[in-house]
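Student: Predicted model, plus sequence, below.
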Amino acid sequence: MPGGRLTQQERQQIALGLTDGLAYAEIARRLDRPTSTVTREVMRNGGPTAYRAELAHRATERRARRRRQAAPRAAEAPPQAHGRDAEAVGAYEETFTTVLMASGMPAMTARVMACLTLTDAGSLTASELAQRLQVSPASISKAIAFLESQAFVRRERDERRRERYIVDDDVWYQSMMASARSIAQVVEIARQGVGVLGSGTPAATRLESIARFLDFVSESTIRAAEQAREVLYTKPGTTSGAPAEPGSDR
């Protein structure tokens, strides 16, 4: 029934829907389920091209057994702030993690990023992350190293000299700029290849086309990120006019 666990028959219907090229929303409508439930189910079990109902069902049973075994530790989780529904928050964090994984993040990295993003403070220490996610400090360290390499997080020391990992609006701007710089490096190398392979040859023409496309993307990304930062995150008093608030109409 809606709200309960997916049955094996429902998973078979999901697999059939994917085979028929149906959108997640349409599959969810036919099952009378939230679209997020179908999205999460598919993305955590191989994605739309590799989803298999039987394998997904067995994987879910294994995860359920692990959760039951870890139940005593899970019971120690702190209560939710602001009167939030703990179950709804947990389900949303799982969905958010799944979407980050679909964008290319490794699983543990996505879990750390989601955990940081969904805290009110937007920052946690390594030990706090390890406790919340019930993983080893080494797993946290590896995930943070990846996130730092992509400029998704930054680190600061708090009053107790502990390193805190931070996710905020400026981090996303810095990540976009880092991505644009990486693209610009590909553009430079592609254009070097044109000279090596000989201008006008098929391979060189292909590289020039790649360079032109990615150059446009890189410049557009930088321009959009700078404009968004200026419009959405300008602090009051820094401009002559009234600043726009995030999400407000202009």
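Tutor: Received, thanks.
Student: Quick check: which ranges of this structure have low pLDDT?
Tutor: Scanning the chain for pLDDT under 70 picks out 1-3, 66-79, 234-250.
Student: what packs against the helix ranked longest in it?
Tutor: Counting residues, the longest helix found in the chain (DSSP state H) is helix 202-233. If contacts are counted by 3 or more Cβ pairs under 8 Å, 6 or more residues apart in numbering; DSSP states H and E, helix 202-233 sits against helix 169-197. Any C-beta I mention is one placed from the backbone N, CA and C, and that applies to glycine too.
Student: between the helix it packs on and helix 202-233, how big is the angle?
Tutor: Per axes from the mean of the first three to the mean of the last three Cα atoms, to 10 degrees, the angle that helix 169-197 makes with helix 202-233 is 160 degrees.
Student: Begin at 116 from now on, thanks
Tutor: Shifting the count to begin at 116 puts that one at helix 284-312.
Student: ok, A305 - how many residues close by?
Tutor: 20 (other Cβ atoms under 10 Å).
Student: now swap in A165 and tell me
Tutor: Look at A165: counted by other Cβ under 10 Å, it has 10 neighbours.
Student: Confirm it sits in a strand?
Tutor: No - using DSSP: H, G, I helix; E, B strand; the rest coil, the secondary structure at A165 is coil, not a strand.
Student: which parts of the longest helix of the chain are buried?
Tutor: For helix 317-348, a neighbour-count test (16 or more other Cβ atoms under 10 Å) marks 319, 322-323, 325-326, 329-330, 332-333, 336-337, 340, 344, 348 as buried.
Student: which among these gets closest to A299?
Tutor: For those, the minimum distance to A299 (Cβ to Cβ) is 4.7 Å, reached by S333.
Student: how close does that closest one get to E341?
Tutor: Using Cβ to Cβ, to the nearest Å, S333 is found at 13 Å from E341.
Student: The closest residue to R120 other than its chain neighbours is in what secondary structure piece?
Tutor: Nearest non-adjacent residue to R120, counting by Cβ to Cβ, 6 or more residues apart in numbering: T175, 7.4 Å away. Assigned by DSSP states H and E, T175 belongs to helix 168-184.
Student: So which elements touch that helix?
Tutor: By 3+ Cβ pairs under 8 Å, 6+ apart, helix 168-184 packs against helix 123-134.
Student: right, and V282 touches F267 too?
Tutor: Yes - using Cβ atoms under 8 Å, V282 is in contact with F267, at 7.1 Å.
Student: anything in contact with each of those two?
Tutor: Counting by Cβ atoms under 8 Å, 6 or more residues apart in numbering, the residues touching both V282 and F267 are M228.
Student: Which secondary structure element is home to the residue nearest to the spatial centre of the chain?
Tutor: Nearest residue to the geometric centre of the chain (Cα atoms, centre = their mean): L215, 2.3 Å. Per DSSP H and E: L215 is located in helix 201-217.
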